[in-house]
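Student: Show me how the following folds:
(one chain, ligands or ions: 1)
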Amino acid sequence: MATCNPGDEVIIPAPYWVSYPDMVLLAGGTPVTVECGIETQFKLTPEQLEAAITPKTKWFIFNSPSNPTGAGYTRAELKALTDVLMRHPHVWVMTDDMYEHLVFDDFEFCTPAEVEPGLYDRTLTCNGVSKAYAMTGWRIGYAAGPVALIKAMGTIQSQSTSNPCSVSQYAALEALSGPQDFLADWRMVFQRRRDLVVGMLNEAKGIRCPKPEGAFYVYPDIAGCIGKATPAGTLISNDEVFATALLEETGVAVVFGAAFGLSPNFRISYATSDEVLREACSRIQRFCATLV
Ligand SMILES: Cc1ncc(COP(=O)(O)O)c(C=O)c1O
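Tutor: Take a look at the predicted model:
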């Protein structure tokens, strides 16, 4: 049975969604982050996973497509990871499939227990209605996994947050069981915005921006800006200074990479209008051009 005991390790590929390490700490475990840089398109390699597993490893947290990078693992890439996990039967998998429906081009979403049914009995598959159905405020997430684990989760939830209200549950039921055809249109809109943002950021001096497979984020690398200074004399020593100077001088707010465990980068959510995105990216281009 998978519970977290003191000393239990949880492998989290970085950059990660900010809540994962704190969730692990709250459960009494020890987060073990593994940096996945731009050279692998922010994806964990099987060699990195193998090296991170110890006898104390309890969980591996997987998120594809990812917040903050939008990176999605192909079936072959995921199979290479599940092959490693099959060699370590003490490791459980928590997969966060939140961006399942937000994938672009020909990318095919897949999830660990589907790619490797041998992992079924030690996989917790999580999802929610916040992203694909734009229902963030309704606060509905859901999970599927082995009965004993789900029962234990229910016990904790019933004594902490109790339960989501019935109004939200019915709204989520309608979203999940109703017509899904609007998703294809949404995907096209997000794909257009992704291409706009990636194209414009790659024209900014000192920025490299990989093209993500899904979600609605980009995670550009700003190594080419580090060590330079703004016209006002601020030395861009790290991504936090970059984000602060960008905000103060141009009014554009981005989240700096250190918050997600991988620097020097920043994250943009492109879940906003083309017009706003075009203006923001133009300002970023002008800001980068002034750095010396
Ligand atoms: C990867 C990932 N998982 C889970 C969540 C949680 O979403 P919510 O609490 O809105 O259901 C988010 C939200 O940003 C996310 O990006």
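Student: The spatially most central residue of the chain and the ligand, how far apart?
Tutor: The C-alpha lying nearest the average C-alpha coordinate of the chain belongs to N67 (CA atoms, centre = their mean; 1.9 Å). To the ligand, N67 is 3 Å away according to CB to the nearest ligand atom, to the nearest Å. Backbone N, C-alpha and C define where each C-beta goes, glycine included.
Student: what about that residue, is that helix, strand or coil?
Tutor: coil (DSSP: H, G, I helix; E, B strand; the rest coil).
Student: show me what contacts it?
Tutor: Listed by CB atoms under 8 Å, 6 or more residues apart in numbering, the contact set of N67 reads 17, 98-99, 215, 217.
Student: how about those residues, which pair is most distant?
Tutor: Distance extremes for the contacts of N67: the farthest pair is M98 and Y217 at 11.7 Å, using CB to CB.
Student: ok, A171 touching M135?
Tutor: Yes - with contact defined as CB atoms under 8 Å, A171 reaches M135; the gap is 6.8 Å.
Student: Restrict the longest helix seen in the chain to CA atoms and write it as CSV.
Tutor: Ranked by residue count and defined by DSSP state H, the top helix of the chain is helix 182-202. Output of helix 182-202 as CSV, limited to C-alpha atoms (Å, rounded to 0.1, in the frame of the first residue of the first chain):
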residue,chain,number,x,y,z
PHE,A,182,-15.7,22.3,-29.2
LEU,A,183,-12.3,20.9,-28.1
ALA,A,184,-11.1,20.7,-31.7
ASP,A,185,-11.8,24.4,-32.2
TRP,A,186,-10.0,25.3,-28.9
ARG,A,187,-7.0,23.2,-29.9
MET,A,188,-6.7,25.2,-33.2
VAL,A,189,-6.9,28.5,-31.3
PHE,A,190,-4.3,27.4,-28.8
GLN,A,191,-2.1,26.1,-31.5
ARG,A,192,-2.2,29.4,-33.4
ARG,A,193,-1.3,31.2,-30.2
ARG,A,194,1.5,28.9,-29.5
ASP,A,195,3.0,29.4,-33.0
LEU,A,196,2.6,33.2,-32.6
VAL,A,197,4.4,33.3,-29.2
VAL,A,198,7.1,30.8,-30.1
GLY,A,199,7.8,32.6,-33.4
MET,A,200,8.0,36.1,-31.8
LEU,A,201,10.1,34.9,-28.8
ASN,A,202,12.6,33.2,-31.0
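Student: Buried residues of the helix or strand hosting E275, list them for me.
Tutor: For E275, the host element (DSSP states H and E) is helix 274-290. Residues of helix 274-290 classed as buried: 277, 280-281, 283-284, 287-288 (neighbour count, 16 or more other CB atoms under 10 Å).
Student: which outside residues touch it?
Tutor: In contact with helix 274-290 (CB under 8 Å, 6+ apart) are residues 192-193, 196-197, 200-201, 203-207, 225, 230-231, 245-246, 249-252, 268, 270.
Student: Would you write a PyMOL line that selects the buried entries of these?
Tutor: To isolate the buried ones among those in PyMOL, judged by 16+ other CB under 10 Å, type:
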select buried, resi 193+197+200+201+204+206+207+225+230+245+246+249+250+252+268+270
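Student: ok, back up a step: and what about the closest residue to the residue nearest to the centre of the chain other than its chain neighbours, helix, strand or coil?
Tutor: Spatial nearest neighbour of N67, excluding adjacent residues (CB to CB, 6 or more residues apart in numbering): W17 at 4.6 Å. Using three-state DSSP, the structure places W17 in coil.
Student: My reading is that I268 lies in a strand. Confirm?
Tutor: Yes - I268: assigned to a strand according to three-state DSSP.
Student: Show me what it is bridged to.
Tutor: V218 (DSSP bridges).
Student: List the contacts of it.
Tutor: Per CB under 8 Å, 6+ apart, neighbours of I268: 197, 201, 217-218, 220, 254, 280.
Student: sorry, back to before: looking at the buried residues of helix 274-290, which is nearest the ligand?
Tutor: Ranked by distance to the ligand (CB to the nearest ligand atom), the buried residues of helix 274-290 are led by L277 at 18.9 Å.
Student: wait, A243 sits on F266?
Tutor: Yes - between A243 and F266 a contact is recorded at 5.7 Å, counting by CB under 8 Å.
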